[in-house]
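A.B. asks: Sequence first, then the predicted structure:
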Amino acid sequence: MASHSTQFTVPDLLTNWPWKRVLNSHLGEVRDEANAWVESFGLFKPEKFAKFKACDFNLLAALVGPLESEDHLRISCDLMSFYFAFDEYTDLATREEALEISRGVMDTFRNTDMPASNKIDEMARQFFKRTLDVVGDDVPGIERFIVDFGAYTASIIQEADDRNTGLIRSVADYLVLRRVTCGGKPSFSFFGLGLCIPDEVFEHPLVKSMIEGATDLIAVTNDMHSYGLEYSRGLDGHNVVTAIMNEHNIGLQEALYWLSGFATATIGKFLSDLSNLPSWGKQVDGAVKEYFNRVGRCVRGYDQWSYETKRYYGEAGLLVQQSRKIFLRPRDEAYLTREQLEVSSGATSMPKVLN
């Protein structure tokens, strides 16, 4: 495999994606209270929380979530913050620790009335209780989200196994796992809450294909943008760019160009499927149209946020978006330490509940 060059070009993977950047207008009112809620759990030491806040996951929520109301933005903020808190903890966890964390989170989703005994579970409980209050009665949708999030937590355990054993998968095998670890599918289910779409729609082959394609786009755009960060933290083994380089025995730049071709083909298939969807009746068709508009915004929003956050490119994100040029970052420590993981995932005193 060829060695890294210092500078490389990141392609615009979504150049043919028809959905454009749209920002929820309530971000200014929601951002501070959402950050205060995360901070109240004490999941991160102060200096690490400052880095966590600088990533601006609330901006991500405003770029990917529904536009209906301030309350919808708030639960989107909670979901994004929880994803990344969960991801930080499981990045450092052994298989057994990740399994315990995942099991606890899923239990709280099924029982939101009982305060949890540790911080990460309580964060999950408060977030999902608030979600149920906002989206109302959508039993099939809520069950889909819980099932999809359960698959996501299970996949994180497999990712931990891969990391601990140093396994680098083939591109095809990697994508099978990454479709679940990227969180795209539970995000789509979450943002579809309240649309009351029947299960039969999600069982249709074209709908399944579109969800898989949109999930792949989120996965590969995130892997491209996060590659430098993961490389700096020694976590780049679980990244499609590494899988491409390893399987095809090519360098970093060639792998990124390969990824561009993959994304173009995926977008073409998604749009073709969209144009061929059947009818389920006027009311359901309207909900399905809105659902895939949300999916389209979600895919665009994840990519756009990658340039606007400081998480991947520091202050240079918008410049990277224009120039397409990026440098590999030196190795850096993770946001969390093993000590912090053990403290925060164990049974500790809980913060005051914030709404």
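C.D. replies: Yep, it's here.

A.B. asks: quick one: low-confidence ranges for the stretch 1-150 of the chain?
C.D. replies: Judged by pLDDT under 70, the stretch 1-150 of the chain has its weakly predicted residues at 1-5.

A.B. asks: any chance you could map the helices in it?
C.D. replies: Counting by DSSP state H, counting those that start in this stretch, the segments of the stretch 1-150 of the chain that form helices are 27-39, 46-54, 57-64, 70-91, 95-110, 119-135, 139-165.

A.B. asks: The stretch 251-355 of the chain now?
C.D. replies: 252-275, 282-308, 317-323, 338-345.

A.B. asks: Redo the ones you listed as JSON lines? Include mean neighbour count and mean pLDDT.
C.D. replies: Bear in mind the C-beta positions are built from the backbone N, C-alpha and C, glycine included. Shown next, in JSON lines, are the helices of the stretch 251-355 of the chain (neighbours: other CB atoms under 10 Å; pLDDT from 0 to 100):
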{"stretch": "helix 252-275", "mean neighbour count": "17", "mean pLDDT": "97"}
{"stretch": "helix 282-308", "mean neighbour count": "20", "mean pLDDT": "97"}
{"stretch": "helix 317-323", "mean neighbour count": "14", "mean pLDDT": "96"}
{"stretch": "helix 338-345", "mean neighbour count": "16", "mean pLDDT": "49"}
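
A.B. asks: Quick one, which of those gets closest to Phe202.
C.D. replies: Each of the helices of the stretch 251-355 of the chain has some distance to Phe202 by CB to CB; the shortest is helix 282-308, at 9.6 Å.

A.B. asks: how far away is Val320 from Asp12?
C.D. replies: 11 Å (CB to CB, to the nearest Å).

A.B. asks: To clarify, my last question referred to Ser323.
C.D. replies: When distances are taken as CB to CB, Ser323 and Asp12 turn out to be 11 Å apart.

A.B. asks: again with Ser170
C.D. replies: For Ser170 relative to Asp12 (CB to CB), the value is 26 Å.

A.B. asks: can you check Lys51 too?
C.D. replies: In this structure, Lys51 and Asp12 are separated by 27 Å, where distance is defined by CB to CB.

A.B. asks: Next, the buried residues of stretch 9-17.
C.D. replies: If you call a residue buried by 16 or more other CB atoms under 10 Å, then stretch 9-17 has these buried ones: Val10, Pro11, Leu13, Leu14, Trp17.

A.B. asks: got the residues you listed as a markdown table, with distance to Met245 columns?
C.D. replies: As requested, the buried residues of stretch 9-17 are arranged in a markdown table below (distance: CB to CB, whole Å):
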| residue | distance to Met245 |
| --- | --- |
| Val10 | 15 |
| Pro11 | 15 |
| Leu13 | 17 |
| Leu14 | 22 |
| Trp17 | 25 |
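
A.B. asks: which one among these gets closest to Gln158?
C.D. replies: Gln158 lies nearest to Leu13 out of the buried residues of stretch 9-17, by CB to CB, at 24.9 Å.

A.B. asks: So the spatially closest residue to the closest one that is not a sequence neighbour versus Cys55, what's the distance?
C.D. replies: Computed as CB to CB, 6 or more residues apart in numbering, the closest residue to Leu13 that is not its neighbour in sequence is Ala263, at 3.9 Å. Distance check for Ala263 against Cys55: by CB to CB, it reads 24 Å.

A.B. asks: for Asp223, same thing?
C.D. replies: Distance of Asp223 to Cys55, given as CB to CB: 17 Å.

A.B. asks: Equivalent analysis for Leu177, please.
C.D. replies: With the distance defined as CB to CB, Leu177 ends up 24 Å from Cys55.

A.B. asks: cool, and Glu97?
C.D. replies: For Glu97, the distance to Cys55 equals 23 Å [CB to CB].

A.B. asks: Could you pull out the buried residues of stretch 34-48?
C.D. replies: Within stretch 34-48, the residues that qualify as buried by neighbour count (16+ other CB under 10 Å) are Ala34, Asn35, Trp37, Val38, Glu39, Ser40, Phe41, Gly42, Leu43, Phe44, Lys48.

A.B. asks: which residue sits closest to the second one in space, ignoring its chain neighbours?
C.D. replies: The one in question is Asn35. Lys53 (5.7 Å).

A.B. asks: Surely Ser189 and Asp148 touch.
C.D. replies: Yes. The criterion here is CB atoms under 8 Å, and Ser189 meets it with Asp148 at 4.7 Å.

A.B. asks: who has more neighbours, these two?
C.D. replies: In this comparison of Ser189 against Asp148, neighbours counted by other CB atoms under 10 Å, the higher total goes to Ser189 at 22 against 19.

A.B. asks: How about that one: what's its closest non-neighbour residue?
C.D. replies: Using CB to CB, 6+ apart and skipping residues adjacent in sequence, the residue nearest Ser189 is Phe145, 4.1 Å away.

A.B. asks: Appreciated, that's everything.
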